Every structure is written in C-alpha cells, then in structure tokens.
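Chemist: Can you look at this prediction? I've put the sequence above it.
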Amino acid sequence: MTILEADMNFSASTAAPAKPLALVIGAGGGLGAAMVQVLSAPGEHGIDSVLALGRATQPAIDYSDETSLQNAAAWVASQCQMQGAELRLLIVASGFLHGAAGQPERSWAQLDADYLSEVFRINAIGPALVMKYFLPLLPRQGRCVAGFVSARVGSIGDNALGGWYGYRAAKAALNQLVKTAAIELKRRNPEALCVALHPGTVDTALSKPFAKVGLKTRPPEVAATELLAVLAGLEPAQTGALVDYQGKVLPW
Ligand SMILES: NC(=O)c1ccc[n+]([C@@H]2O[C@H](COP(=O)([O-])OP(=O)(O)OC[C@H]3O[C@@H](n4cnc5c(N)ncnc54)[C@H](OP(=O)(O)O)[C@@H]3O)[C@@H](O)[C@H]2O)c1
C-alpha cells in the first residue's frame with residue numbers, strides 16, 4: 001500500500017457520518033409549528049437539527065412563487081453542507097381549506113373557479129413543486145422519509161358524506177402525486193419513503209370553524225408526536241401509502 005492509499009483509507013474510515021437533519025415546510029401553521037417544536041426537543045426522533053420554512057421565514061416559501069421554492073432548496077442544500085448534515089426527514093405541513101378565497105362547498109351550486117384554483121394551488125400544486133426541488137436533496141442511500149400532510153377526506157374510497165368538493169379533490173390529487181413520487185424516489189433509493197399523512201382532526205386555524213361540539217380534536221403537539229411516531233415505524237414497502245395518525249393505511 002502506498003502512503004497515498006494509506007492516507008485515503010484513513011480519511012475514509014475517520015470521516016464523520018453526516019448528521020440527520022429534518023426540514024418542515026409550512027412551519028407557520030398549527031401542525032407545522034408543532035412538528036418543529038416536537039422535532040427540536042430532545043427525543044428519539046434520530047434527528048440532530050431542524051430547519052423550518054414557510055411564508056414568514058427567511059428564505060420564504062410561498063407556493064405562488066416557484067422561485068421561492070428553488071431558492072429555499074438551494075439554501076437547505078447549503079445548510080446541509082455547512083452542518084455536515086443530510087436531509088433525512090422532510091415534512092410538508094401546508095394546506096388550505098378556508099380563507100379569503102372562499103369556503104368549502106356544501107353543494108355543487110357553490111363551486112367557484114377562484115376558490116378551486118386556490119385550494120388546488122396550496123394543497124396539490126405547491127406540494128408538487130416541493131417534490132421537484134426538495135426530493136432530490138434526500139440522500140441516495142439509507143433510510144429517509146418525506147411525509148406530505150394530506151387528509152382522509154381526499155380518499156375517494158372513503159367518501160360517504162359528499163361536500164367539500166375542492167378540498168377533497170385537491171387532497172386526492174396530492175395523494176396521487178405522493179404515490180407517483182414514491183415510485184420515482186424508490187428507484188433512486190430503495191430505503192426512501194414518500195407518504196401522504198392524515199393527521200386526524202387537529203385544533204388549528206384550519207379546523208376551527210368546523211370543529212363541532214363533541215368532535216374529537218387533538219392539540220397540534222399530540223398530532224405531531226403521533227405522526228412522527230408513525231413515520232418512524234413505516235417499512236420501506238409502505239412507501240406511497242396514505243397513512244393516518246394511528247399508522248392505519250387508508251383506502252385511496
Ligand atoms: N387541522 C385539521 O383538523 C386537519 C385535518 C386533516 C388534514 N389537515 C391538513 O394538515 C395540514 C396542516 O394544516 P393545519 O391544520 O396546521 O392548518 P393551518 O394552521 O391553517 O396551516 C396551514 C399551512 O399552510 C401553509 N400555507 C398556506 N398558504 C400557503 C402558501 N400560499 N404557500 C405556502 N404555504 C402555505 C401555511 O404555512 P406558513 O404559514 O408557514 O406559510 C401553514 O403551514 C394541512 O395539509 C391540512 O390540510 C388538517
């Protein structure tokens with residue numbers, strides 16, 4: 001063995017392993033903020049550091065501006081390099097149900113093009129752009145997980161009540177995007193997972209107007225803890241699924 005070879009072997013064997021880093025997108029929301037809080041606390045998530053991005057962070061992520069996603073992804077890549085870290089957990093906790101653009105529909109008579117555009121933009125198109133810019137940052141080897149927060153009402157098989165046309169359809173689109181991305185991601189890294197998540201009814205601004213008396217809502221910190229435990233327990237074969245906060249796989 002030459003001195004150079006010996007030196008190279010030494011370097012390879014002593015290189016510090018990359019530290020596992022988590023990124024939460026939609027960190028300003030009820031569930032997103034709770035995800036950041038739970039992941040930042042000392043615990044058993046196997047995460048060394050957490051990055052939080054949303055419309056109010058620097059850099060910002062706003063789904064109405066694709067460049068903001070591109071810039072934010074470049075920033076995350078530079079943070080990983082600086083910290084000697086790898087993106088092992090990506091949580092996308094963004095979503096939209098009601099607001100200035102409108103309210104969920106009770107009947108087809110209320111279908112409105114502007115509301116439909118907004119609900120699709122935030123629940124499906126934005127997360128699709130997250131896939132474009134952030135899934136390539138996941139390592140090509142070893143376990144890594146991307147969890148996109150969806151909703152049970154996006155399940156077509158589970159739709160017994162009707163109503164909420166736009167939100168249901170946008171979450172169904174998100175579920176299909178997750179399934180498709182999971183197939184592509186698995187080709188790059190057989191241990192990588194990409195799943196859609198149903199958080200249950202969580203006490204946030206999104207659910208507030210619809211939380212009826214007696215409806216079981218859970219604090220965001222509880223929902224975040226449950227979802228992170230579910231993600232930690234998933235097998236690679238479960239990639240592409242829609243999974244709820246109890247770890248149950250839901251029908252499409
Ligand atoms: N709460 C529930 O009972 C419930 C039930 C089922 C499913 N979900 C789903 O859970 C997820 C979290 O919702 P939540 O309850 O935490 O609601 P929330 O408090 O209203 O949070 C909404 C999130 O969407 C992000 N967002 C909104 N407009 C955006 C835009 N133009 N660009 C980028 N991000 C945008 C916000 O991020 P920033 O403010 O950081 O920009 C925020 O994180 C959503 O996907 C929701 O559909 C919630």
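Modeler: All right, it came through fine. Small disclaimer: the values here were computed from a predicted structure and weren't measured.

Chemist: For the rest of this, base every contact and every neighbour count on C-alpha atoms.
Modeler: Noted.

Chemist: Now do the contacts for the residue at minimal distance from the centre of the chain.
Modeler: In the chain, the centroid-proximal residue (C-alpha atoms, centre = their mean) is V92; its distance is 2.4 Å. V92 sits next to 24-26, 32, 127, 146-149 when contact means C-alpha atoms under 8 Å, 6 or more residues apart in numbering.

Chemist: Also I156?
Modeler: 172, 251-252.

Chemist: Now, of those residues, which are buried?
Modeler: By neighbour count, with 16 or more other C-alpha atoms under 10 Å, the contacts of I156 hold A172 as buried.

Chemist: Which members of the contacts of I156 occur in helices, if any?
Modeler: A172 (DSSP state H).

Chemist: what does the protein have sitting close to the ligand?
Modeler: Within the chain, the positions near the ligand by C-alpha under 6 Å from any ligand atom are 26-32, 54-56, 61-64, 93-96, 122, 149-151, 198-207.

Chemist: What are the phi and psi values at the nearest residue to S49 once chain neighbours are set aside?
Modeler: In space, and not counting its chain neighbours, S49 is closest to L21: 5.0 Å by C-alpha to C-alpha, 6 or more residues apart in numbering. Per-residue torsions, L21: phi -120, psi 140 (degrees, to the nearest 10).

Chemist: what residue ranges in the stretch 101-250 of the chain are flagged as low confidence?
Modeler: For the stretch 101-250 of the chain, the stretches flagged by pLDDT under 70 are 213.

Chemist: Please, where are all the helices along it?
Modeler: For the stretch 101-250 of the chain, the helices defined by DSSP state H, counting those that start in this stretch cover 113-120, 126-134, 165-188, 220-233.

Chemist: want to throw those into TSV with distance to A74?
Modeler: Shown next, in TSV, are these (distance: least, C-alpha to C-alpha, whole Å):
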stretch	distance to A74
helix 113-120	25
helix 126-134	9
helix 165-188	19
helix 220-233	25
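
Chemist: so which of these comes closest to A73?
Modeler: Proximity to A73 (C-alpha to C-alpha) singles out helix 126-134 among those, at 6.0 Å.

Chemist: in that closest one, what counts as buried?
Modeler: Quick answer for helix 126-134 (16+ other C-alpha under 10 Å): 126-128, 130-131, 133-134.

Chemist: follow-up on the earlier one: please give me every residue in contact with the residue nearest to S49.
Modeler: L21 touches 47-51, 80, 85-89, counting by C-alpha under 8 Å, 6+ apart.

Chemist: Any chance of a PyMOL selection covering the buried ones in the residues you listed?
Modeler: PyMOL command restricting the contacts of L21 to the buried ones, with burial defined by 16+ other C-alpha under 10 Å:
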select buried, resi 47+49+50+51+80+85+86+87+88+89
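
Chemist: between the contacts of L21, which is nearest the ligand?
Modeler: L51 (12.1 Å; C-alpha to the nearest ligand atom).

Chemist: Go ahead and confirm the closest one touches P20.
Modeler: No. Between L51 and P20 there is no contact under C-alpha atoms under 8 Å: 11.4 Å.
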